[in-house]
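Q: just to be clear, the model below is a prediction. Sequence and coordinates:
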Amino acid sequence: MPTSSHDGRCHLRSAVSGQLAVPRTTTNYGDRSFAVSGPAAWNSLPAALRLHMSVFRRRLKTFLMT
């Protein structure tokens, strides 16, 4: 889930940068779940890729096909 408010009034810096909320966990097992590792991996990508989804898709396709 993107980090922004539900009512649309608050504009968070993380929502503008395209980052996702990483849920907190209390176990190592939870840290390895897709719900945690997916957003963490997305947030670790360069901002240029996260902000332009069309560029991300194109480069991901190129990466996967090579």
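A: That came through, no problem.

Q: what stretches of the chain score poorly on pLDDT?
A: 1-17 (pLDDT under 70).

Q: strands along that one, start to end?
A: Read by DSSP state E, the chain holds no strands at all.

Q: just give the number of residues close to the residue nearest to Gly30 when sequence neighbours are not counted.
A: In space, not counting the residues next to it along the chain, Gly30 is nearest to Val36; the distance is 6.4 Å by Cβ to Cβ, 6 or more residues apart in numbering. Every residue, glycine included, has its C-beta placed from N, CA and C. Applying other Cβ atoms under 10 Å, we find 15 residues neighbouring Val36.

Q: quick check: Val36 vs Leu49, distance?
A: Val36 sits at a distance of 20 Å from Leu49 (criterion: Cβ to Cβ, to the nearest Å).

Q: likewise for Phe63?
A: Noted for Phe63: a distance of 11 Å to Leu49, by Cβ to Cβ.

Q: among the two, which residue is more densely surrounded?
A: The neighbour comparison of Phe63 against Leu49 (other Cβ under 10 Å) goes to Leu49, with 15 against 8.
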